[in-house]
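In: A structural model of the following input is requested.
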Amino acid sequence: DELGVIPWIYASGAVLLPAVVDVNALSFTVAGNLDGASTALTVSGGSAVTFSTSAQRELVVASLSIDASTVTLTNDGSEEDLWHVISSSGVSLSSSANLIGAAVNVTAGGAVSVLSSSVITASELGFAAGSGTGAGDVSGSGGGHGGVGGRSDSANGGGGYGNTLMPSSLGSGGGGASGGRGGGRVYIDARGNTVTVDGSVTANGGAGVDLGGGGSGGSILIECATMAGSGSVTANGGAGGATANSGGGGGGRIAVYATTASTFAGLSAVGGGPASGGQPGGAGTIYETTSGATTLSAINAGATVSLSLQSNYATFVAAGDSVTVLTSDLGTSASVDALVVSSNAVVVADASTTALSVGVLVGDKSGYIHVPSTLTLSIITSVSSSVGSVNDELGVIPWIYASGAVLLPAVVDVNALSFTVDGNLDGAS
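Out: You can find the predicted model right below:
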């Protein structure tokens, strides 16, 4: 079942494979169509199969296994130009295998396994330097996406955009000619099946070079029955260039929908670190639904953000701090079972969201949530300054502007925190 003749497939050319094929220790380019393998397609032995920009945008097989090999899916660089990998059974990557593409949709009728040292990656395959919805400034500020890009010494970073609940946007490039690229997008649709990640799934932004700002993280969306493994799923922002004053890229956006409880702990959408004189990128968003419970997290890398705490919300926004942006898809009246804000993350809601209801508010006393005049934040059940436990300590610092409102749960201990209330602070029955 090993392929013994190397097919070099030109544009519009087509190769229809038999039921079972093992592409072992071969390297070739597909510029046309490669179909078939109605039972199993294995790419192994250090093979490198590259689908070019003129190739079909679908790889349809019964079962796909990539072992110690690389499959590269090339598109035209746009968000709309998607690659679809469709397997009626399952997809497995093992022994340092790589599935690479800027915008990859993996649809599997069985389990998806990314084993140790293997990777599905769209890292540094999003928008180029200085381009994208949240592009950094030419001075070297960071690109934005889930988090606002870090400021350079002379300009704000790129703004937040995208979709918190169903992320699909490419990350934006950092500012300057040598800014880092944004991250791409990965979608794994394994509904009804288990996704195991012991390796990594990545859509990270690239680091800037010299005066270039970091690119922002891209988007990762996973739908499955169970999320398992000890690996990592990351849409982190890229670091600012090593020369002083460039900003880090903002974190991207991740959403995981699992129908059963999950202990997977490897999700990360942190902002990139800055060069000296610049600012780190804002944390991206991580939205998780497991067994019907929803958690929204903004967790940064811990780098201190220079906050322009203001009495006027518009002035604060104009200052371009490295904040996490909760987007309008949450709705005018949003609700989550848990909101986690930690490691110096700073959260702001879209102006269209007028009510945010949170079951449990969790933080480590380093993160902020800004509450402008348009927003009422209701904390229904409890607060905690320790993830995984309830100690009634307020762990997220609320900065409440005129006419903004925070409704506290029954018992609250404000311990070793400093903040200003220009609006309403009620509750604590």
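In: Residue 161 reaches residue 143, doesn't it?
Out: No - applying Cβ atoms under 8 Å as the test, residue 161 and residue 143 come out as separate, 10.6 Å apart. Heads up, the C-betas are built off the backbone N, CA and C, glycines and all.
In: what residues are shared contacts of the two?
Out: Residues touching both residue 161 and residue 143 (Cβ atoms under 8 Å, 6 or more residues apart in numbering) are residue 134.
In: higher neighbour count, these two?
Out: residue 143 (48 against 19; other Cβ atoms under 10 Å).
In: now that one: how far from residue 247?
Out: Counting by Cβ to Cβ, to the nearest Å, the separation of residue 143 from residue 247 is 9 Å.
In: okay, and the common contacts of these two?
Out: 136, 149, 157, 174-175, 213-214, 281.
In: Need the max-distance pair from those.
Out: 175 and 281 (11.9 Å; Cβ to Cβ).
In: who has more neighbours, these two?
Out: Neighbours were counted for residue 175 and for residue 281 using other Cβ under 10 Å; residue 281 has more, 47 against 36.
In: Spit out the contact partners of residue 113.
Out: Residues counted as contacts of residue 113 (Cβ under 8 Å, 6+ apart) are 90-94, 195-196, 198.
In: Wait, a strand at residue 317?
Out: No - counting by DSSP: H, G, I helix; E, B strand; the rest coil, residue 317 falls outside a strand, being helix.
In: Tell me the confidence at it?
Out: On pLDDT, residue 317 comes in at 84.
In: Flag every buried residue along the helix or strand of the chain with the lowest mean pLDDT.
Out: Every helix and strand of the chain was ranked by mean pLDDT, DSSP states H and E. The lowest is helix 313-318, at a mean of 86. Of all the residues in helix 313-318, those buried under the rule 16 or more other Cβ atoms under 10 Å are 313, 316-317.
In: Which one of the residues you listed is nearest to residue 366?
Out: For the buried residues of helix 313-318, the nearest to residue 366 is residue 316 (18.0 Å; Cβ to Cβ).
In: Does the closest one touch residue 370 like I think?
Out: Yes - assessed by Cβ under 8 Å, residue 316 is found in contact with residue 370 at 6.7 Å.
In: ok, how many other residues are close to the closest residue to residue 305 other than its chain neighbours?
Out: Closest residue to residue 305 apart from its sequence neighbours, by Cβ to Cβ, 6 or more residues apart in numbering: residue 322 at 4.9 Å. Neighbour count for residue 322, taken as other Cβ under 10 Å: 34.
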